[in-house]
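In: My questions concern the predicted model and sequence given below.
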Amino acid sequence: MLSVDLAARKAGVRPGTPVAKAQALYPDLIIMDADLEGDRTGLEKLALWFQQRIAPLVAVDVPDGLVLDTTGADHLHGGESAMLAEMVGRLRDAGITARAVVADTLGAAHALARYGRARTLVVPAGETAAAIADLPIEALRLPDSMIEGLRALGVATIAPLAAMPRAPLALRFGPDVARRLDQAYGRISEAILPVRPVDPVTVSRNFAEPIGAAETIARYIGKLVPPLCQGLEERGQGARRLDLVLHRVDSRTEAIRIATATPVRDVKRLVRLLCEKIETIDPGFGIERMVLTATLAELIAPRQKISSLIAEEEPDVSDLIDTLANRVGHHSLYRFAPVESDVPERSFCRVPALAPDDQKDWPEHWPRPTRLLARPEPVQAMAELPDQPPLFFIWRGVRRKVKCADGPERVFGEWWQGDAELTTVRDYFRLEDTSGERFWVYRSGDGERGETGSQGWFLHGIFG
Amino acid sequence: MSTPLSRPLLEALRDQIRRLEGSATRRRTVLPFGIRDIDRRLPGGGLALGALHEVAGGGNDALNSAAAGQFAAGIAARTKGKVLWIVTRQDLFAPALKQVGLGGSRVIYVEAGADQDALACFEEGLRHGGLGAVVAEVARLSMTASRRLQLAAETSGALGIAVRRWRRQTEAADFGQPTASVTRWRISALPSESLPVPGVGRARWLLELIRARAGEAADFEVEACDGHGKLGSGHLSLPAAVADGPDQEKAGRRRTRA
């Protein structure tokens, strides 16, 4: 066991417990494989987040911690304890249980955050020694073998260890014990390696006179985008996400964010996308500073153009996709791709509009209705024999006499989807009523055995 | 055209009209249906590209738009390039579009929240010009909106199809209102021809060409779009009977004015 949550801790499981023992303690325990690499990436992302919001210097402390140099940053958050409360609260909102400690040294803060009692703690300057005196020696970031050795000597907490003579300790355990003690007490300094954000391409412009008219904003967007595109070009990148931050004179900020489906470096296209969003901002008393940042940029891979000798080139529609996506949202812009399933509502899935074409398509041998109802609607119908199509059916209060019919097309439940589908069956019929309208109607079940379905009739689609 | 006008004079007048319409520089192209009786009725010998066309279902299909949707898909399938299909409620079944030759990889769907958004996306799509066809399912289409769409289609040369689909039968009377579209079609399902064996035959439609700019109204009875057509796909093939006598034409015009 590497890590356990609160519920598991209450059940008596501790980090370090063997899995078999933990399962014996609590049979329904949910065990997940540790993903150390994923944890590290997550931690780095979190570090960047902290760097943007809390303090300028943030380092990753694998496997489970972050180190922040908050010197000169706490006043922005209303003091050190308020800052800690905010940090822990925000993490709790995101579903992460965290503890935070401010201390004079990294070693002390590290020890108190992991082995202290309080969830958030601010150790006043100069009281570090007293604060860590009673902590177990595991808190000192020493290797396990050393901890065992020290325990064999009868040392359990930090204060007695610090009081021991240095020379025999160094002789027996090497210089690490003394170094970690000195780091915790602040006698030697410890450097941290802060995370560095991938510096984004950014351009800004200050205005002597605040601007406010939509046309003026549009004009300056037109002036900001070309240097940004030039900056992107120098790196061989294209923008996937652009943020335009407008600082107002009353020190509020308004922002426009646009996203593109593919990396874009086209000035005209980016200007157009940004200008379409101008109506969403409120300039207030005026805007004195505009900052345009390519928050997310990707490499533009050079692409081979199709020679007109071989085939006609397909017109590029990615700019249209971007325009529409910024208008209606990315989730409302899609294509349908085939899924290998005989159940009609499972035979397609939505894929992004510019997803690569996988050359698959639906089989053509069975007629399919133009419109498929989102939810099959129950109809009243009557068939003479289980194998036969209904003679009439009543849908939405209208009785329709069936003139001719095709079917049944039997669709079996997909047993791999769930036990309930092991026996289920649908019999699809194509019905044409006397006026010539065609419907796709199915009976839930095979008409004979009860376990195959409710034997009720449903209308699922309308043919064109 | 029974008036004995000399041909050069007629051509000169047509040129003048074309110049007035501001489309003198653009070559007018059409998408023929491949059925002589229909193409003969349409100016230019087919469905004009770079224009807006309106399609609605007749009877119950005004609400379901199954036949009208299939008809629009058949037209879109015969164009080249991607197709933008704008809907306000998504119930299209992509395998059915595949069966008229419009494969899943060609259609990009846009789900717009309201008619206004759908129209804005429609115009955007028509203006782009890189698409084969732009299809939008809208209920209301005002004269102003349709003029914008028609102009957008004219400038880019894109084919625009507005599938009119209403939520209530009473709203379908809106189809009589004038719009700037070049043609207006009403598609109603007809009983299929009875087969010698039990089963459903190939679907048949009544196509009512209610309005055609510089053309005349007409009714056609056709068999529904087929994905296995000989020339490409999605042809409207083999008119079973072409019922477009003079009295039907009058009826068509009456409906247009209604």
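Out: Perfect, I can see it now.
In: can you pull out the strands in the stretch 151-258 of chain B?
Out: With DSSP state E, counting those that start in this stretch as the criterion, the stretch 151-258 of chain B has strands at B:159-164, B:183-190, B:204-212, B:218-223.
In: any low-confidence regions in chain A?
Out: A:52-53, A:55-57, A:71-78, A:194-198, A:304-313 (pLDDT under 70).
In: quick one: contacts of the longest strand anywhere in chain A?
Out: Counting by DSSP state E, the longest strand found in chain A is strand A:398-412. Identification of contacts with strand A:398-412 by C-beta atoms under 8 Å, 6 or more residues apart in numbering or on different chains yields A:342-344, A:366-367, A:387, A:389-394, A:424-435, A:437, A:439, A:442-443, A:446, B:191-192, B:194-195, B:198-201. (Glycine included, C-beta is placed from N, CA and C.)
In: What pairs with it, parallel or antiparallel?
Out: Strand A:398-412 has the following strand partners under DSSP bridges: strand A:392-395 (antiparallel), strand A:425-433 (antiparallel).
In: now do the same end-to-end measure for stretch A:27-39.
Out: End-to-end span of stretch A:27-39 (C-alpha to C-alpha, to the nearest Å): 26 Å.
In: Give me the residues contacting it.
Out: With C-beta under 8 Å, 6+ apart as the test, stretch A:27-39 has contacts from A:2-3, A:8, A:11, A:13, A:19, A:22-23, A:62-64.
In: which ones are touching B:Gly199?
Out: Applying C-beta under 8 Å, 6+ apart, the residues near B:Gly199 are A:404-406.
In: if I look at it, how far off is B:Gly44?
Out: Plainly put, B:Gly199 is 39 Å away from B:Gly44 if you go by C-beta to C-beta, to the nearest Å.
In: Same check on B:Phe175?
Out: From B:Phe175 to B:Gly44 the distance is 24 Å (C-beta to C-beta).
In: circling back: in the longest strand of chain A, what counts as buried?
Out: A:400, A:402, A:404-408, A:411 (16 or more other C-beta atoms under 10 Å in any protein chain shown).
In: wait, which of the residues you listed is closest to A:Val225?
Out: Among those, A:Val411 lies closest to A:Val225 (C-beta to C-beta), at 53.4 Å.
In: And the residue of the stretch 251-400 of chain A closest to chain B?
Out: A:Pro315 (3.1 Å; C-beta to the nearest C-beta).
In: ok, now which ones touch that residue?
Out: B:81, B:129-131.
In: can you list the residues of the stretch 101-250 of chain B near chain A?
Out: With C-beta under 8 Å from any C-beta of the partner chain as the criterion, the stretch 101-250 of chain B meets chain A at residues B:103-105, B:107-113, B:117, B:120-121, B:124-125, B:128-131, B:188-192, B:194-195, B:198-201, B:203-204, B:224, B:227.
In: Let's have the buried residues of strand A:398-412 in CSV, adding distance to A:Ile158.
Out: Formatted as CSV, the buried residues of strand A:398-412 follow (distance: C-beta to C-beta, whole Å):
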residue, distance to A:Ile158
A:Arg400, 85
A:Val402, 87
A:Cys404, 90
A:Ala405, 85
A:Asp406, 83
A:Gly407, 81
A:Pro408, 79
A:Val411, 70
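In: what distance separates the host helix or strand of A:Val67 from the centre of its chain?
Out: Assessed by DSSP states H and E, A:Val67 sits inside strand A:65-69. Centroid displacement of strand A:65-69 relative to its chain, using C-alpha atoms, centre = their mean, to the nearest Å, is 23 Å.
In: That one: partners in the sheet, and parallel or antiparallel?
Out: strand A:57-61 (antiparallel).
In: ok, back up a step: most neighbours per residue, which of the strands paired with strand A:398-412?
Out: Highest mean neighbour count of the strands paired with strand A:398-412: strand A:425-433, a mean of 23 (counted as mean count of other C-beta atoms under 10 Å in any protein chain shown).
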